[in-house]
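# Below are the sequence and a predicted model for it; my questions follow.
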Amino acid sequence: MTDNKTRAAPLTAIVAADAAPRTKPSNYPEPFASRMAGREKRPLGDLFGLTNFGVNLTRLAPGAVSALRHAHTRQDEFVYILEGTPMLVTDEGETPLRPGMCAGFRAGSGNGHQLVNRSGADVLYLEVGDRTPGDAATYPDDDLQAQLVEGKWRFLRKDGTPY
């Protein structure tokens, strides 16, 4: 018989900044992974066992980027700026963001997007995305495409050859 006093209590709340950062800074293959230097993600949703969507607390050092400019086929994405002044880069051009601002990216829009920190101070933001099976991503500026297969990203060149 299990004693309820010895079982770990389910996690219900934390200070987000105390969450451990990801141990692997990027899933991208080289030469793209090294371009993510200065980005630190703290996966918050995973701590609570969330499976339908992910939440990350992400910090960008000066000069860092959120991701390669990309667009998802099935995943909606949302960012909310907490600190700093990143530049949002989309197909429409550049939009300066500041704390309290947010942006959303509808699945299937084809609008490539990324945040770039061109300031001298860190940027801190929340990113939220769903985990719809069968998602894929395109990267308009790079020879890269991605497919979500059985919960893991598979990266290919635009001609379909794997990295």
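Noted; the coordinates are in hand. Numbering: from 1, shown residues only.
# backbone phi and psi for E92, please?
E92 adopts backbone torsions of phi -80, psi -20, taken as degrees, to the nearest 10.
# How many neighbouring residues does T51 have?
Neighbour count of T51, defined by other CB atoms under 10 Å: 10. C-beta here means a position set from N, CA and C on the backbone, and glycine is covered the same way.
# out of everything not next to it in sequence, what's closest to it?
R131 (6.8 Å; CB to CB, 6 or more residues apart in numbering).
# Any stretches of the chain with poor pLDDT?
1-10 (pLDDT under 70).
# what is the residue most central in space within it paired to in the beta sheet?
Centroid-nearest residue in the chain, with CA atoms, centre = their mean: E127, separated by 6.1 Å. Under DSSP bridges, the beta-bridge partners of E127 are N56, V79.
# for it, what are its contacts?
V55, N56, T58, S66, E77, F78, V79 (CB atoms under 8 Å, 6 or more residues apart in numbering).
# again, but for G134
Applying CB under 8 Å, 6+ apart, the residues near G134 are T73, R74, L148.
# Is it part of a helix or strand, or is it coil?
Here G134 is recorded as coil under DSSP: H, G, I helix; E, B strand; the rest coil.
# circling back to that earlier point, thought the residue nearest to T51 was touching D46?
No: using CB atoms under 8 Å, R131 is not in contact with D46; the gap is 10.7 Å.
# Filter the contacts of G134 down to the ones in strands?
Among the contacts of G134, the members falling in strands are L148 (criterion: DSSP state E).
# Which one (most neighbours) among the contacts of G134?
The contacts of G134, ranked by neighbours (other CB under 10 Å): first place L148, 19 neighbours.
# so that one bridges to which residues?
W153.
# With T90 instead?
G93, H113.
# Tell me how far L124 lies from V65.
For L124, the distance to V65 equals 15 Å [CB to CB, to the nearest Å].
# Apologies, that question was intended for E40.
Applying CB to CB to E40 and V65 gives a distance of 12 Å.
# again, but for G49
29 Å.
# more neighbours, the two?
Neighbour count, other CB under 10 Å: between G49 and V65, V65 has more, with 20 against 8.
# my guess is that one meets L115, correct?
Yes: with contact defined as CB under 8 Å, V65 reaches L115; the gap is 6.8 Å.
# what comes up buried for the helix or strand encompassing F155?
Using DSSP states H and E, F155 sits in strand 152-156. By neighbour count with 16 or more other CB atoms under 10 Å, strand 152-156 contains the buried residues F155, L156.
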